[in-house]
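A.B. asks: got a predicted structure here, sequence first:
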Amino acid sequence: MEGTYTPQKEILKQQWHFIDLEGKVLGRVAVEIAKYLMGKNKPTFTRNINVGDKVVVTNAEKIKVTGKKLKDKLYIWHTGYPKGLRQVNLESMLEKHPERVIEEAVKDMLPNNKLRKERMSNLYIYKGSEHPHKAHKKEESKE
């Protein structure tokens, strides 16, 4: 009788996925990115081992949101100082730091455990269409 197959981290190879966010909806693309980071698209998916791939996201400033979220959605944090509670709406966050909006959305889609930080380190977000990971891009087949 054979035991259960558990993938070994040394054997697994990470693939590179390139996602262009121009005109895409924030939540829908965050789910797709989270699936790639967790490795749920692979048959070797295991919850306790990071089998996910690397994801490069471009055109972060051209993302779309639906409804009245631009005005209504708030990002709240505390600076650590007295009276240090800060909040910013999605519209101003997209103007100043569009990468953080996508990073927060994807981070909230991942399970809150010890692997979250390791999985988030495989996510690369860029404002424009240029990125330094072009060497990893494979030629797309024209079938």
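C.D. replies: Arrived safely, thanks for sending.

A.B. asks: where does this protein have low pLDDT?
C.D. replies: Residues of the chain meeting the criterion pLDDT under 70: 1, 138-143.

A.B. asks: now the helices: where do they sit in it?
C.D. replies: Along the chain, counting by DSSP state H, helices occupy 26-38, 69-72, 90-96, 98-109, 116-120.

A.B. asks: list the buried residues for the third one?
C.D. replies: Residues of helix 90-96 classed as buried by neighbour count (16 or more other Cβ atoms under 10 Å): Leu90, Met93, Leu94. Yep, even glycine has a C-beta here, placed from its N, CA and C like the rest.

A.B. asks: what about the strands in this protein?
C.D. replies: Secondary structure of the chain by DSSP state E: the strands cover 16-20, 54-58, 74-78, 85-89, 123-125.

A.B. asks: for the third one, which strands pair with it and how are they oriented?
C.D. replies: Pairing partners of strand 74-78, with direction, according to DSSP bridges: strand 85-89 (antiparallel).
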